[in-house]
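S.K.: Below are the sequence and a predicted model; questions follow.
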Amino acid sequence: MFGFRKARARLRLDAANRAFAAAYAARLAAEAEPITQTIGHTRAALQRARAEQMAAELAYAAVAPKPLHA
C-alpha cells in the first residue's frame, strides 16, 4: 500500500520539479525581453509552480521513510 502511495508522490514531485524548471526558464526568457505583461504572467506561473512543488514535497515527505532520529 505505501509503495504505491510513495511512487505516486514521487511522480508528482518529479512533475512539479519539471514544471518549476520550465516556469523558471520562461521567467528568465521574459526578463530578457522587458515586456511588463509577459513578466507578470511568468511571475504568476512561477509562483503557482513553486506552490505545487512545495505541496508535492510535503506529500512525498508524508509517505517517505523517516530517519531514525526524527
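M.R.: Looks like it arrived, so ask away.
S.K.: What helix or strand is P67 located in?
M.R.: Assessed by DSSP states H and E, P67 sits outside every helix and strand.
S.K.: That one: how many residues sit nearby?
M.R.: For P67, the neighbour count with other C-beta atoms under 10 Å is 6. For every residue, glycine as well, the C-beta is placed using N, CA and C.
S.K.: got a pLDDT number for it?
M.R.: pLDDT, P67: 73.
S.K.: how close does it sit to A44?
M.R.: 36 Å (C-beta to C-beta, to the nearest Å).
S.K.: Same question for A26.
M.R.: 11 Å.
S.K.: again with R10
M.R.: 27 Å.
S.K.: can you dump the C-alpha coordinates of stretch 30-46 into CSV?
M.R.: Only the C-alpha atoms of stretch 30-46 are listed here, as CSV (Å, rounded to 0.1, in the frame of the first residue of the first chain):
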residue,chain,number,x,y,z
ALA,A,30,10.7,37.1,-20.3
GLU,A,31,13.2,39.2,-18.4
ALA,A,32,15.4,39.2,-21.4
GLU,A,33,12.6,40.9,-23.3
PRO,A,34,11.3,43.5,-20.9
ILE,A,35,7.5,43.3,-21.7
THR,A,36,5.7,44.1,-18.4
GLN,A,37,2.6,41.9,-19.1
THR,A,38,4.8,38.9,-20.0
ILE,A,39,6.9,39.3,-16.9
GLY,A,40,3.7,39.5,-14.8
HIS,A,41,2.3,36.3,-16.3
THR,A,42,5.6,34.4,-15.9
ARG,A,43,5.8,35.6,-12.3
ALA,A,44,2.4,34.2,-11.6
ALA,A,45,3.2,30.9,-13.3
LEU,A,46,6.4,30.7,-11.3
